[in-house]
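Participant: Sequence plus predicted model, see below.
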Amino acid sequence: MAPRCMLKEIALFAVTLAVVAISVAAQAKAGCQSSCGNISIPYPFGTGNTDCNISRNFFIRCNTTFNPPKAFLTTSEIEVVHISLDGYLRINKSIGYDCYNSTGRSSYSDKWMNLAKFPISHTRNKFTAIGCDTYAYVQDNQGDTYSTGCLTFCNNIADVINGSCSGIGCCQTAIPKGVKSYHVTFNSSNNHSKILGFNPCSYGFVLEDGAYNFSVSDLYSDDFRHKKLPMILDWTIGFQTCTEAKMDPQNYACKQNSACIDAENGPGYLCKCLDGFQGNPYLTNGCQDIDECERRKPCSGSATCHNAAGSYSCSCPEGFEGDGWKNGTGCSLQAKPRRQRFPILVVSLGVGISLVSSLLCSSWLYLGLKQRKLPN
């Protein structure tokens, strides 16, 4: 029972930390709107007044005609559903499709997107195609920088496996690094003519990795073409490296108690609070010291916790020994020193010998004086 209780406490502590971290980190610039509907908008992003965002690329347009209001990236129709200070945005995008009936193609919707600043994450997305007579491609809008895709076939719906995107009914491939635009297109070898009964459409989309679980029912669902699915965009500050940005202190975005990190996907940099601090590293005094003593309670029962800027320590009270940590040696009473009889004996012998020596010396002196007085 004890291990289960400990696991529950650890899990509860982790959830509490996550909630606190989110509430602290999701800070807007002073005097600025901090959310749009259910979406938190931390600086360097901002909505409303243009002074609330670090640059025009970070402007969030809050459309209040929706209930609840929806957030959109700058002046586009790209819906933002989450903003992370770890350097990514989650957006919702509709999917592309290519549908057929007995007379041929019935509807077609290729999808494209062109981004001025934020690249499509090559580590957090996959290009996904669905269909049983499907060639799906994704390339840049001009078609000369990159092109990738996959094909998927199946003659019988019984061959299709739920949850599998290995090429039978569903396939996936990676997105190249540094991509800021894409165009999804389709082709079909037999216009779905042999499989119209269970798969009239091909589908293609760039999707957050792990956000979609393929289902056989998606092959014949009429509603699937109308879905919107999540995609991840990476974001960074400016176009400089950390070294270059630090040479311009007036425009350097990382504030107190934070570190600069060079971008992995495209130019620019990110800021991160130092270990032992949390909050928004893009705001003045945005990274606040974490009181680990109060939050983690890392010290054993009798130990004292000492919180410091960016760190903490434990110490045992007087009369105790150990490191004071719960996961260390803790604190235990110091063992009482055993009485050492040998030194006492040595002292006693020394005193005794000294007394005997003194008596002997006195006797010799007395005898010497007495002999001097005797007549010759």
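Facilitator: Now that the structure is in, tell me what you want to look at. Numbers count the residues shown, from 1 in each chain.
Participant: Pull the residues that contact stretch 244-264.
Facilitator: Under the criterion C-beta atoms under 8 Å, 6 or more residues apart in numbering, residues 44, 54, 87, 123, 234, 236-238, 240-242, 269-274, 277, 281-289, 310 lie in contact with stretch 244-264. The C-beta positions use only the backbone N, C-alpha and C, and glycine is treated the same way.
Participant: again, but for stretch 155-171
Facilitator: With contact meaning C-beta under 8 Å, 6+ apart, stretch 155-171 is reached by 128-132, 150-154, 172, 194-195, 198-199, 213-216, 219.
Participant: Can you flag the buried ones in those residues?
Facilitator: 128-132, 150, 152-154, 172, 195, 198-199, 214, 216, 219 (16 or more other C-beta atoms under 10 Å).
Participant: mind listing which of these are in strands?
Facilitator: Members of the buried ones among the contacts of stretch 155-171 lying in strands (criterion: DSSP state E): Thr128, Ala129, Ile130, Cys150, Thr152, Phe153, Gln172.
Participant: Distance to Asn190 and pLDDT for those - can I get that in a markdown table?
Facilitator: Below are those laid out as a markdown table (distance: C-beta to C-beta, whole Å; pLDDT from 0 to 100):
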| residue | distance to Asn190 | pLDDT |
| --- | --- | --- |
| Thr128 | 22 | 96 |
| Ala129 | 16 | 96 |
| Ile130 | 17 | 96 |
| Cys150 | 18 | 93 |
| Thr152 | 14 | 94 |
| Phe153 | 10 | 93 |
| Gln172 | 23 | 95 |
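Participant: can you tell me which of these lies nearest to Gly104?
Facilitator: Phe153 (19.5 Å; C-beta to C-beta).
Participant: tally of neighbours for Cys299?
Facilitator: Cys299 has 24 neighbours, counted by other C-beta atoms under 10 Å.
Participant: That one bridge partners, please.
Facilitator: On the basis of DSSP bridges, Cys299 is bridged to Trp325.
Participant: just checking, it touches Cys305?
Facilitator: Yes: with contact defined as C-beta atoms under 8 Å, Cys299 counts as touching Cys305 (4.5 Å).
Participant: any chance you could map the strands in the stretch 51-200 of the chain?
Facilitator: Counting by DSSP state E, counting those that start in this stretch, the stretch 51-200 of the chain has strands at residues 59-63, 70-73, 79-84, 88-94, 96-101, 104-109, 111-114, 125-130, 133-139, 147-153, 170-174, 181-187.
Participant: Can you add distance to Lys326 and give those back as JSON lines?
Facilitator: Shown next, in JSON lines, are those (distance: least, C-beta to C-beta, whole Å):
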{"stretch": "strand 59-63", "distance to Lys326": "43"}
{"stretch": "strand 70-73", "distance to Lys326": "43"}
{"stretch": "strand 79-84", "distance to Lys326": "32"}
{"stretch": "strand 88-94", "distance to Lys326": "35"}
{"stretch": "strand 96-101", "distance to Lys326": "55"}
{"stretch": "strand 104-109", "distance to Lys326": "58"}
{"stretch": "strand 111-114", "distance to Lys326": "51"}
{"stretch": "strand 125-130", "distance to Lys326": "41"}
{"stretch": "strand 133-139", "distance to Lys326": "51"}
{"stretch": "strand 147-153", "distance to Lys326": "51"}
{"stretch": "strand 170-174", "distance to Lys326": "44"}
{"stretch": "strand 181-187", "distance to Lys326": "51"}
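Participant: so which of those gets nearest Gly31?
Facilitator: strand 59-63 (15.9 Å).
Participant: can I have the closest one written out in PDB, keeping just the CAs?
Facilitator: Extracted C-alpha coordinates of strand 59-63, given in PDB (Å, rounded to 0.1, in the frame of the first residue of the first chain):
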ATOM      1  CA  PHE A  59      -0.100  39.700 -33.400                       C
ATOM      2  CA  ILE A  60      -3.100  37.500 -32.500                       C
ATOM      3  CA  ARG A  61      -6.500  38.700 -33.900                       C
ATOM      4  CA  CYS A  62      -9.300  37.900 -31.500                       C
ATOM      5  CA  ASN A  63     -12.600  37.300 -33.300                       C
END
